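Undergrad: Sequence plus predicted model, see below.
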Amino acid sequence: MRLAWMISLGVGATALLATMLSVLAVTALGPGLASLHLSTVLIEAAVAGALGAAGGWAGGWLLNGQLVRLRTILSTADAAEAPTARLMAPLDGLARRHLEVIEELAAESRNARSQVRQIEIRKHLAQTEVEHLSGVLHSLRDAVLVTNEFNELVMANEAAASLFRFDRESAINKPIAQVLPEKDIVALIGEAAEAGNTSSRKHTECVLPRDPEPLNLEVSLSSLAADAAHEAASVVTILHDITQERQVSRMKNEFVSKASHELRTPLSSIKAYIEMLLDGEAQSEKDRREFYEIIQHEAERLGRMIDNMLNISRIEAGMITATWETVDIVPIAQEAVELLKPQAAEKDISIHFQRPHQACHAEIDRDMIKQVITNLISNAVKYTPEGGRVTVAPDLTDCDRSVIVSVNDTGLGIPPESLPKLFSKFYRVNKHERVAKGTGLGLNLVKQIVEAVHHGEVGVESEVGKGSRFWFIVPCKQGA
């Protein structure tokens, strides 16, 4: 406002000077001074006055110069022209005041330009900071929602748009209730907004319905009011997906529970038979030997269980190191068959080995793959009735880029509802628990060795009463 007033003052003063000079030219000076030189000066002064009215400082400067020239001419005039000199005195002061006003205007203009430049710099810095914060916000894996005091969505990152399945750009400035169909989360945001400015965050958990399983979310809400008078506040909502953490925690609890049960079973048997030996219940050497064999069998079972648990844990933690070598899997499978033939012979089960027409070379850890084949054959023997048959067949597949080993049996078969859980830790088919003892870790270890270590695949096909076919595939070249 001050700048506009000063400009108006300068323009008015300049116009006034131009008018007064024109009047003096006609009335005060008279024909005695109307020389060509003086007329030229007056005309230039009048032009300068017009420029001052239109252009401000430049016109004022020109006007002041013409006034100086005019005073010089008038000072040389005849003494009879003294009244004209007296008339020029006020004009001289007015011209100086006009110049002072214009100089002040110029200073104000320079200050204004400096302030505008500073504002532009601050604006640029603010825009840069906003872009930086926006980039950080969108890089977060957690969903972030920002609503204003009217519960309208003013900001959301890509994670939030993906989690709640809305278009981020079209959702901005819409009521949060229209953007999110989840009423529980909308209610939490509304409560935080009504709470006003708080110094602490509110943490809670909620379940988000999703297929095939619901999501567990940890919700953090922070409200911020513009001032103490505001009853409602803007709210920043951060949603962290803890579904996997809950699953891992549940799996750990189940693992500890099942491991404790499985470890307690052989320990209880060992303890019971040792107590019977100490109490002298085994009178004959034959009875004592039987007790010793049971104790040895249970101790070996306990040792295998502990080894399997440790191996699985090492593989899952990425702590196990494979010894890679390119070898023929055929002789490894044959070694496993020969190792388990005595166990099969006790049940009158025959193990047949189908040798392929060509070698089956693959880059593997020899000991691990042998353990996989041994576990599969051992399971087949356990769950095949007396007089049954087990067939082991290695071969090349997938245009000779991988090796497949299959173990077929004529055993009990597996119910369809048990197939998806068969490779889980400690899982055993309920109908088969009385047929043979086991830890429920063998097939899980097979899966870990084949898939996690060798980047292969393991599977099963089975029909109740007709037997099962377990198979695994490993690539001939790791990383190919």
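TA: That came in fine, so what should we check first?
Undergrad: Now E325: closest residue in space, sequence neighbours ignored.
TA: Nearest non-adjacent residue to E325, counting by CB to CB, 6 or more residues apart in numbering: R366, 6.3 Å away. From N, CA and C alone the C-beta is placed, and that goes for glycine too.
Undergrad: measure that neighbour to V372 for me?
TA: R366 is 11 Å from V372, where distance means CB to CB, to the nearest Å.
Undergrad: what are the ranges of the helices in the stretch 51-200 of the chain?
TA: 57-75, 82-139, 158-164, 168-171, 176-179, 183-195 (DSSP state H, counting those that start in this stretch).
Undergrad: Quickly, which of those helices bottoms out on average pLDDT?
TA: Among the helices of the stretch 51-200 of the chain, helix 57-75 has the lowest mean pLDDT, at a mean of 51.
Undergrad: ranges for the strands of the protein?
TA: Here the chain has its strands, by DSSP state E, at 143-147, 153-156, 202-208, 215-224, 234-241, 324-328, 350-353, 361-365, 389-397, 402-409, 457-463, 467-475.
Undergrad: Low-confidence stretches in the stretch 151-300 of the chain?
TA: Scanning the stretch 151-300 of the chain for pLDDT under 70 picks out 196-200, 225-232.
Undergrad: The closest residue to L302 other than its chain neighbours and A161: what is the separation?
TA: What sits nearest to L302 in space, not counting adjacent residues and going by CB to CB, 6+ apart, is P266, at 4.3 Å. Distance of P266 to A161, computed by CB to CB: 54 Å.
Undergrad: Show me which of these two is the more surrounded one.
TA: Between P266 and A161, counted using other CB atoms under 10 Å, the more crowded position is P266 (21 against 18).
Undergrad: quick one: contacts for that one?
TA: Contacts for P266 (CB atoms under 8 Å, 6 or more residues apart in numbering) come out as E298, A299, R301, L302, M305.
Undergrad: mind redoing it with 10 Å?
TA: Going by CB atoms under 10 Å, 6 or more residues apart in numbering, P266 touches I295, H297, E298, A299, E300, R301, L302, G303, R304, M305, K437, T439.
Undergrad: Kindly report the same for R246.
TA: Applying CB under 10 Å, 6+ apart, we find R246 in contact with E205, L215, N216.
Undergrad: circling back to that earlier point, please say which of R366 and V372 ends up with more neighbours.
TA: Using other CB under 10 Å as the criterion, R366 and V372 rank with V372 on top: 31 against 15.
Undergrad: Turn the strands of the chain into TSV, including distance to R110.
TA: What follows is the strands of the chain, written out as TSV (distance: least, CB to CB, whole Å):
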stretch	distance to R110
strand 143-147	41
strand 153-156	39
strand 202-208	53
strand 215-224	40
strand 234-241	40
strand 324-328	77
strand 350-353	99
strand 361-365	78
strand 389-397	84
strand 402-409	80
strand 457-463	78
strand 467-475	76
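Undergrad: CSV for these, including mean neighbour count?
TA: Compiled in CSV, those are given as follows (neighbours: other CB atoms under 10 Å):
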stretch, mean neighbour count
strand 143-147, 22
strand 153-156, 20
strand 202-208, 13
strand 215-224, 18
strand 234-241, 21
strand 324-328, 13
strand 350-353, 16
strand 361-365, 21
strand 389-397, 19
strand 402-409, 22
strand 457-463, 16
strand 467-475, 21
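Undergrad: Domains in the protein, by residue range?
TA: Following automatic domain parsing, one gets these domains for the chain: 2-115, 140-241, 258-317, 324-475.
Undergrad: Quickly compare the ones you listed and say which is most buried.
TA: Greatest average neighbour count among the domains of the chain goes to domain 324-475 (a mean of 18), per mean count of other CB atoms under 10 Å.
Undergrad: In contact with the residue nearest to E325: list those residues for me.
TA: R366 sits next to A322, T323, W324, E325, V327, I329, I332, E335 when contact means CB under 10 Å, 6+ apart.
Undergrad: who's in contact with A344?
TA: Contacts here follow CB under 10 Å, 6+ apart; on that basis A344 touches V337, S350, I351, I377, S378, A380, V381, K382, T384, G388, R389, V390.
Undergrad: thought the fifth one was touching G442?
TA: By that I understand S378. Yes - if you go by CB atoms under 10 Å, S378 and G442 touch, sitting 7.3 Å apart.
Undergrad: For V136, which of the strands of the chain is the nearest?
TA: V136 sits nearest to strand 143-147 of all the strands of the chain, at 10.1 Å, using CB to CB.
Undergrad: Not counting sequence-adjacent ones, nearest residue to the most centrally placed residue in the chain?
TA: Nearest to the geometric centre of the chain sits R141, at 1.8 Å (CA atoms, centre = their mean). Spatial nearest neighbour of R141, excluding adjacent residues (CB to CB, 6+ apart): A159 at 5.9 Å.
Undergrad: coming back round to it: quick one, what contacts the residue nearest to the centre of the chain?
TA: Taking CB under 10 Å, 6+ apart as the test, what R141 contacts is N157, E158, A159, H240, D241.
Undergrad: who touches the third one in this structure?
TA: Right, A159. Per CB under 10 Å, 6+ apart, neighbours of A159: L137, H138, S139, L140, R141, D142, A143, V144, I238, L239, H240, D241.
Undergrad: What residues are bridge-paired with the closest residue to A380 other than its chain neighbours?
TA: Using CB to CB, 6+ apart and skipping residues adjacent in sequence, the residue nearest A380 is D409, 3.9 Å away. Beta bridges link D409 to V390, judged by DSSP bridges.
Undergrad: wait, D409 sits on V460?
TA: No - applying CB under 10 Å as the test, D409 and V460 come out as separate, 11.1 Å apart.
Undergrad: which neighbours do those two share?
TA: L376, S468, R469, F470.
Undergrad: So for the third one, what's the pLDDT?
TA: R469 is assigned a predicted lDDT (pLDDT) of 94.
Undergrad: Pick the one among the shared contacts of D409 and V460 closest to A192.
TA: Using CB to CB, the shared contacts of D409 and V460 come closest to A192 at F470, 54.7 Å.
Undergrad: distance of S222 from A233?
TA: Using CB to CB, we find S222 at a distance of 9 Å from A233.
Undergrad: again, but for Y427
TA: To A233, Y427 is 51 Å away according to CB to CB.
Undergrad: Likewise for M276?
TA: 74 Å.
Undergrad: Then I332?
TA: Per CB to CB, I332 is found 69 Å from A233.
Undergrad: Equivalent analysis for E463, please.
TA: From E463 across to A233, the span is 64 Å (CB to CB).
Undergrad: could I get the contacts of R141 as a markdown table with distance to Q127?
TA: Below are these laid out as a markdown table (distance: CB to CB, whole Å):
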| residue | distance to Q127 |
| --- | --- |
| N157 | 19 |
| E158 | 21 |
| A159 | 24 |
| H240 | 30 |
| D241 | 32 |
